[in-house]
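Student: Have a look at this fold, sequence not included:
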């Protein structure tokens, strides 16, 4: 770990690059952090596995203060990317567009990501710089829209038609990522993984991520599946890539899948194994205008 001075706070940051070994790390002298912006903590979903419920702030975001923080991190070369999250960031879509415009004024090539369940998804196509985005991560946890609504506890999430509408509006077809939870009773086997990848390929989307649940409550612990139990037993339709480790705290894999329709879909899977990581992987700007050392972590005083 390396100590970074952010404003007047000491922050222990990750100082190594993830590699394909549980017992080896590759040091780096220039750690940079991803800044997550919780545009709002409100969300129309009622997910029983929700980790955000542990740290809802329910404030009113101050754009000027946020931009002060972003400028500080950028000028001090601590910022590698920015991700808008929530709650549901598309609940305040005009504010989202305004903030992204301001960020692109700082650096027109900065990586910006959006994570959404798909509420108001079609409205994203109205953003005039949408093809500059690094990625749009759409949480969609089942290839059947009705079952997906059941998982979210609402129908106010993206359905297949919404995703295809947005994909058709993009000239950069690699922007959309579908994120799917691996959990018992839903996408919980290699057969179900393949069905979901076939579905994503038929949407015209090129990447599908699979995520093991964070063990943040009893429901998540009961439904948890270690992704290795599935992805260590792949068949001939999968072309495996890397298997990376960040010590004992998390791991991820990637590769390419050939669908039944002979379409290539990039896949990845990740799993957080320890919730109490001693170093900082990301900073969070909360909806009530605090900067923290991760989600629900210690506050960094803004000067």
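Tutor: Arrived safely. Small disclaimer: the values here were computed from a predicted structure and weren't measured.
Student: any low-confidence regions in the stretch 51-200 of the chain?
Tutor: Applying pLDDT under 70 to the stretch 51-200 of the chain flags residues 53-56.
Student: Please, where are all the helices along it?
Tutor: 63-75, 93-106, 145-152, 160-169, 190-203 (DSSP state H, counting those that start in this stretch).
Student: closest to residue 138 out of these?
Tutor: Across the helices of the stretch 51-200 of the chain, residue 138 has its closest neighbour in helix 160-169 (6.2 Å, Cβ to Cβ). In this view, the C-beta of every residue, glycine as well, is placed from N, C-alpha and C.
Student: buried sites along that closest one?
Tutor: If you call a residue buried by 16 or more other Cβ atoms under 10 Å, then helix 160-169 has these buried ones: 162, 163, 164, 166, 167.
Student: Centre of the chain to that helix, how far?
Tutor: Relative to its chain's centre, helix 160-169 lies at 19 Å (Cα atoms, centre = their mean, to the nearest Å).
Student: Check stretch 127-135 too.
Tutor: For stretch 127-135, the distance from its own C-alpha centre to the chain's C-alpha centre is 16 Å (Cα atoms, centre = their mean).
Student: One more: stretch 274-286?
Tutor: 14 Å.
Student: Okay, buried residues for it please.
Tutor: Residues 277, 279, 280, 281, 282, 283, 284, 285, 286 are the ones in stretch 274-286 that count as buried (16+ other Cβ under 10 Å).
Student: Relative to residue 268, which of the residues you listed is nearest.
Tutor: When the buried residues of stretch 274-286 are compared against residue 268 (criterion: Cβ to Cβ), the nearest one is residue 281, at 16.7 Å.
Student: quick one on the thing from earlier: among the helices of the stretch 51-200 of the chain, which is the most enclosed?
Tutor: Highest mean neighbour count among those (mean count of other Cβ atoms under 10 Å): helix 190-203, with a mean of 19.
Student: quick one: contacts for the most centrally placed residue in the chain?
Tutor: Nearest to the geometric centre of the chain sits residue 115, at 5.6 Å (Cα atoms, centre = their mean). Listed by Cβ atoms under 8 Å, 6 or more residues apart in numbering, the contact set of residue 115 reads 83, 84, 85, 86, 89, 137, 139, 179.
Student: residues in contact with residue 4?
Tutor: By Cβ under 8 Å, 6+ apart, the residues touching residue 4 are 10, 11, 12, 13, 31, 78.
Student: how about a cut-off of 6 Å?
Tutor: 11, 13 (Cβ atoms under 6 Å, 6 or more residues apart in numbering).
Student: Quick check: pLDDT value at it.
Tutor: Per-residue confidence at residue 4 stands at 88 (pLDDT).
Student: May I ask which helix or strand encompasses it?
Tutor: Element membership for residue 4, per DSSP states H and E: strand 2-6.
Student: Now tell me what touches whichever helix or strand comes after that strand from outside.
Tutor: If you walk from strand 2-6 toward the C-terminus, the next helix or strand you reach (DSSP H and E) is strand 9-13. Contact with strand 9-13 is made by 1, 2, 3, 4, 31, 279, 280, 293, 300, as judged by Cβ under 6 Å, 6+ apart.
Student: model confidence over the following helix or strand past strand 9-13, on average?
Tutor: Downstream of strand 9-13, the next assigned helix or strand under DSSP H and E is strand 16-17. The average pLDDT within strand 16-17 is 78.
Student: So what touches strand 16-17?
Tutor: Contact with strand 16-17 is made by 25, 26, 27, 28, as judged by Cβ under 6 Å, 6+ apart.
Student: Give me the subset of those residues that lies in strands.
Tutor: 26, 27 (DSSP state E).
Student: Provide the partner residues of residue 3 in its beta bridges.
Tutor: Taking DSSP bridges as the rule, residue 3 bridges to residue 12.
Student: from here on, count from 291
Tutor: Let's use 291 as the start, then, which means that last one is residue 293.
Student: Sticking with residue 547, tell me its helix or strand.
Tutor: Going by DSSP H and E, residue 547 is in strand 540-548.
Student: In the next helix or strand after that strand, which residues are buried?
Tutor: Downstream of strand 540-548, the next assigned helix or strand under DSSP H and E is strand 554-562. For strand 554-562, burial by neighbour count (16+ other Cβ under 10 Å) applies to 555, 556, 557, 558, 559, 560, 561, 562.
Student: Repeat that for stretch 460-477.
Tutor: Those would be 460, 465, 466, 467, 468, 469, 470, 471, 472, 473, 476, 477, for stretch 460-477 by 16+ other Cβ under 10 Å.
Student: what's across from residue 468 in the sheet?
Tutor: Applying DSSP bridges, one finds that residue 468 bridges with residue 428, residue 498.
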